[in-house]
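**Student:** Coordinates for the following, if possible.
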Amino acid sequence: MKTDAAIDVNDERCTVDVDPMMPLARFLRESLHLTGTKLVCGEGFCGSCTVLLDGRAVAACLTPVAQAVDHCVRTIESIGPSDKVLTALQNAFVGDDVVQCGMCFPGIAMSLAALLTDNPEPTREDLEIGLAGNLCRCTGYTRLLDTISTTLVRLCEEAVRS
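**Tutor:** Model prediction:
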């Protein structure tokens, strides 16, 4: 059974005729062609499909489209120059060679977006807890956490100076 789905995705209202039980990740990738949301495990285990649903990080592979109807979804495609912290983190990840294959990064960035909204100055422990649902198969978490911590400290220092 299909239904019209009206969902705000990255600040645009989308109405698409889909199966309400279709996973949100498939809807984003196949119906809206937003391929930054990755489908890796399909079981909510790896975090690669993490998106924000009304500002809360969710596993889009387990979230049916029906749960997103009349709500706001934010994907990795929505992160840009206006998101100074996440853009700085993206640049730091590249500069420090933290991300190798890139499959995990969209989920990590979206989990960080949710964490930083609630806690703009997280401790290392806060970061570990906030990213606990994101798996990376290529790099070590120590380097990942070091880069995030260093970048956040630098951004805080820049904010104080300006």
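**Student:** Every contact and neighbour count from this point should use C-alpha atoms.
**Tutor:** Noted.
**Student:** quick one: the most centrally placed residue in the chain and Thr37, what's the gap?
**Tutor:** If you average the C-alpha coordinates of the chain and look for the closest C-alpha using CA atoms, centre = their mean, you land on Met110, 1.8 Å from that point. Met110 sits 10 Å away from Thr37, taking CA to CA, to the nearest Å as the criterion.
**Student:** list the residues that contact both of these two?
**Tutor:** Common neighbours of Met110 and Thr37 (criterion: CA atoms under 8 Å, 6 or more residues apart in numbering): Thr50, Val51, Thr75, Ile76.
**Student:** mind giving me TSV with the residues you listed and columns for secondary structure, neighbour count and distance to Phe105?
**Tutor:** As requested, those are arranged in TSV below (DSSP: H, G, I helix; E, B strand; the rest coil; neighbours: other CA atoms under 10 Å; distance: CA to CA, whole Å):
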residue	secondary structure	neighbour count	distance to Phe105
Thr50	strand	32	10
Val51	strand	31	12
Thr75	coil	24	12
Ile76	helix	23	9
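**Student:** Now the residues you listed in JSON lines, please, with extra columns for pLDDT and distance to Ala88.
**Tutor:** Converted to JSON lines, the shared contacts of Met110 and Thr37 look like this (pLDDT from 0 to 100; distance: CA to CA, whole Å):
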{"residue": "Thr50", "pLDDT": "97", "distance to Ala88": "20"}
{"residue": "Val51", "pLDDT": "98", "distance to Ala88": "19"}
{"residue": "Thr75", "pLDDT": "96", "distance to Ala88": "17"}
{"residue": "Ile76", "pLDDT": "93", "distance to Ala88": "14"}
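**Student:** between these, which is nearest Pro20?
**Tutor:** Proximity of the shared contacts of Met110 and Thr37 to Pro20 (CA to CA) peaks at Val51, which lies at 17.7 Å.
**Student:** Could you report the separation of the nearest residue to that closest one once chain neighbours are set aside from Arg154?
**Tutor:** Once its chain neighbours are removed from consideration, Val51 has its nearest residue in Thr75; the separation is 5.2 Å (CA to CA, 6 or more residues apart in numbering). Taking CA to CA as the measure, Thr75 falls 26 Å from Arg154.
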